[in-house]
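Undergrad: Turn this into a structure:
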Amino acid sequence: MRKNARLLAASIAALSLFAAACGGDDSGTTTEAPAGSDAPAGDVIAGIAFDTGGRGDGTFNDSAATGGERAASELGVEIKELEAAVDEDRKANLELLAGGGAQVIVGVGFMFTDPMTEVAAANPDIHFGIVDSVVEAPNVSSLLFAANEGSFLVGAAAALKSTTGEIGFIGGQEIDLIKAFEAGYTAGAKYVNPDIVVNVKYLGPAGDNSAWGNVAGAKEIAAGWYAAGTDIIYTAAGGSGAGTIEAAIEAGKWAIGVDSDQYLTSGDEAAQAVILTSMIKRVDVAVFETIKASVEGDTSGGIKMFDLSNDGVGYSTSGGYLDDVVSQLDEIKAKIVAGEIEVPSMP
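TA: Presented below is the predicted three-dimensional model:
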């Protein structure tokens, strides 16, 4: 009974949110094309199914939202957005978007793998995209990122800027997806300084979804490391990264953001003063390109890789803290693209 009640509540919440989206109210769940865009709004409806955290997470979901906004502005697409509050929402939201007329739907995150497999099979005429996972279906574009390559560059940056010779990495769930961030970061740091110490800790095992929003846990780890001599910490743990930034502010040390340029998304001067750089994962580009392909009639599925060679990943220079090492980082990037440096994907 308790489970059924929870499922009913989740469904009602999703239906209410979708009704608001279709109504175009002030909830921010509908984005229409402005006057003067290339195509009239409503010609194509695109759905974005956010994972937990949704807009405002400062990283992953916000980047996807930016891609949707660009599609609305440049392509005249009408964007419908739904956010998963609980696990059961993911499939429900995909079904609501499909039933609401969306011709293309992007699921933001690997947790959409099983739900999208089912919903895409039931809706073969709709083009789907999934971020950070592979769904083997003719109408699903699997949007993958070489996060290890972008992490290699911020690891190199950390080694170049560290004054103590000790840096850190905090991951969310201990899964292969996040281990790729760790592997690249550590390899990049050791490429610059083979003797550098890289502390590593995860906020939860595979399946522990609290790892993505454990701000207090990340702050506790970061504060302990900063006090012990670590001067730069990179966090790949969704919203948990805010805890690292809080600890960095209090300790007067550096933090490295992830997915989005967190110097820009933080909107806070104290945070901007400690965000050395961010590993940029261009989820916005992947979302935009998926929608654009549908608008142009290309609804083919398959794997779409975003890496350093097509600027699908990279690093930010906001704040100017890396100005003195950009040339070195660009040289390293060129070597990775040329195949002269092989970046590991596992520690």
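Undergrad: Thr52 against Leu82, yeah?
TA: No: counting by CB atoms under 8 Å, no contact exists between Thr52 and Leu82, whose distance comes to 11.9 Å. In short, each C-beta sits where N, CA and C put it, glycine included.
Undergrad: which of these two has more neighbours?
TA: The neighbour count for Thr52 versus Leu82, taken as other CB atoms under 10 Å, is higher for Leu82 (27 against 20).
Undergrad: secondary structure element for the more buried one?
TA: Counting by DSSP states H and E, the element that carries Leu82 is strand 78-83.
Undergrad: Gly184 now?
TA: Using DSSP H and E, Gly184 sits in helix 176-192.
Undergrad: Show me which parts of that helix are buried, residue by residue.
TA: Of the residues in helix 176-192, 177-189, 191-192 count as buried by neighbour count, 16 or more other CB atoms under 10 Å.
Undergrad: Using PDB, write out every CA atom in the helix or strand hosting Ala158.
TA: Take DSSP H and E as the rule and Ala158 turns out to sit in helix 147-161. This file holds the C-alpha atoms of helix 147-161, laid out as PDB (Å, rounded to 0.1, in the frame of the first residue of the first chain):
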ATOM      1  CA  ALA A 147      35.100  12.800 -19.500                       C
ATOM      2  CA  ASN A 148      38.500  11.200 -18.900                       C
ATOM      3  CA  GLU A 149      40.100  13.500 -21.500                       C
ATOM      4  CA  GLY A 150      38.600  16.700 -20.100                       C
ATOM      5  CA  SER A 151      39.600  15.500 -16.600                       C
ATOM      6  CA  PHE A 152      43.100  14.900 -17.800                       C
ATOM      7  CA  LEU A 153      43.400  18.600 -18.600                       C
ATOM      8  CA  VAL A 154      42.000  19.800 -15.200                       C
ATOM      9  CA  GLY A 155      44.300  17.300 -13.500                       C
ATOM     10  CA  ALA A 156      47.200  18.800 -15.400                       C
ATOM     11  CA  ALA A 157      46.000  22.300 -14.400                       C
ATOM     12  CA  ALA A 158      45.800  21.200 -10.700                       C
ATOM     13  CA  ALA A 159      49.400  19.900 -10.800                       C
ATOM     14  CA  LEU A 160      50.600  23.100 -12.400                       C
ATOM     15  CA  LYS A 161      48.900  25.300  -9.800                       C
END
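Undergrad: What is that helix packed up against?
TA: Packed against helix 147-161 by the contact rule (3 or more CB pairs under 8 Å, 6 or more residues apart in numbering; DSSP states H and E) you find strand 166-174, helix 176-192, strand 232-236, strand 254-259, strand 275-281, strand 313-315, helix 326-338.
Undergrad: Can you give the domain ranges for the protein?
TA: Following the assignment in automatic domain parsing, the chain carries domains at 2-145+283-309, 148-281+317-338.
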